[in-house]
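Undergrad: sequence and predicted model, in that order:
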Amino acid sequence: MIDITYYRPESIFEVIQLLQNTDGLLLAGGTDILPRIRKGHYPVKALIDLSRIESLKFVQEVNGWIEIGASATHTMVEQADILQKSVPALVSASHSIGCLQTRARGTIGGNISNASPAADTAPPLLVLNAEVVIQTATGQNAVPMTEFFIGPGKSILSANDILTSVRFKHPLGRMGSSFLKLGKRKGMAISVASVAAYVHLDNDGCLDEIRLAYGSLAPTPVRGYTVEKNLIGNHPTLDNMQKAAWKCEQDVAPISDLRASASYRLQAARVLTIRALQKALSQAEEVGV
């Protein structure tokens, strides 16, 4: 029998107090943590349930920024009009997570905080230049997503920190974004490889902004800086994209495991890079019509 003390605070202030006094583990949707606790992977003595804190459940645009509360579910993300119109990559990533019931319970904050290399929402947020907003006992900090992940299952969050939201500038102009994921089966699969792309075209149809990010291809979700550097300022022809995609091996460090070999993952990364760019470019070109 598992003996765990359960807390259900109604404010962030209460959460901070509990974290300082109980060594409790934060519980959002519980779709990842609870199965792990049952299997004995987390020797936790206290759970702090965030589900009553309404101030963490929102999707909004303020002063040119889109901000998503940490307790916004994946269903909220995929159904939000502002996200469907502006950041289809993030909508696609949320839709790819688990089944309908999992998306209705799981949260974007939980997906990020777990710091899994395969976290589906991480690559889209990386290409959106997102920031995570962290509440500590002494104040609030905004940290770039590129600095948030420090290792498999590890982030910069300390034991007394709460991730309260994630935010990014509202993308404008001739831009497009996409997210593609390869799994062992069609539904409810952890990704073997995933790629997110963001592009912005200038008046001549050249790439004046391009950002790529990869999941399940390194110890943490990572940006594709080498590929980006080889495409920025150029026309996004298939030949240019193929040549650049081949260089993604300089950005990723895939491993072999039960789901796929390192060589398979690398080849998948190259193919997904091209397809994700083509999908994002298609959206950008539609905006320019």
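TA: Yep, that arrived.

Undergrad: surely R265 is in contact with V195?
TA: No - applying Cβ atoms under 8 Å as the test, R265 and V195 come out as separate, 11.3 Å apart. In this view, the C-beta of every residue, glycine as well, is placed from N, C-alpha and C.

Undergrad: neighbour count winner among those two?
TA: Neighbours were counted for R265 and for V195 using other Cβ atoms under 10 Å; V195 has more, 35 against 24.

Undergrad: state the helix or strand in which the more buried one lies.
TA: strand 191-201 (DSSP states H and E).

Undergrad: can you list the strands that that strand pairs with?
TA: Sheet pairing here is set by DSSP bridges, and for strand 191-201 it gives strand 175-183 (antiparallel), strand 207-215 (antiparallel).

Undergrad: for those, which has the smallest mean pLDDT value?
TA: Per-stretch mean pLDDT for these is lowest at strand 175-183 (a mean of 94).

Undergrad: got the CA coordinates for that one in PDB?
TA: Backbone C-alpha positions of strand 175-183 (Å, rounded to 0.1, in the frame of the first residue of the first chain) are rendered in PDB as follows:
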ATOM      1  CA  MET A 175       4.900  32.900 -41.300                       C
ATOM      2  CA  GLY A 176       4.000  29.300 -40.800                       C
ATOM      3  CA  SER A 177       4.800  26.500 -38.200                       C
ATOM      4  CA  SER A 178       4.400  22.800 -38.100                       C
ATOM      5  CA  PHE A 179       5.100  19.800 -35.900                       C
ATOM      6  CA  LEU A 180       5.600  16.200 -37.100                       C
ATOM      7  CA  LYS A 181       6.100  13.100 -35.000                       C
ATOM      8  CA  LEU A 182       7.200   9.600 -35.800                       C
ATOM      9  CA  GLY A 183       6.100   6.800 -33.400                       C
END
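
Undergrad: one step back: could I get the strands paired with strand 191-201 as TSV with distance to V166 and mean neighbour count?
TA: Compiled in TSV, the strands paired with strand 191-201 are given as follows (distance: least, Cβ to Cβ, whole Å; neighbours: other Cβ atoms under 10 Å):
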stretch	distance to V166	mean neighbour count
strand 175-183	15	23
strand 207-215	14	24
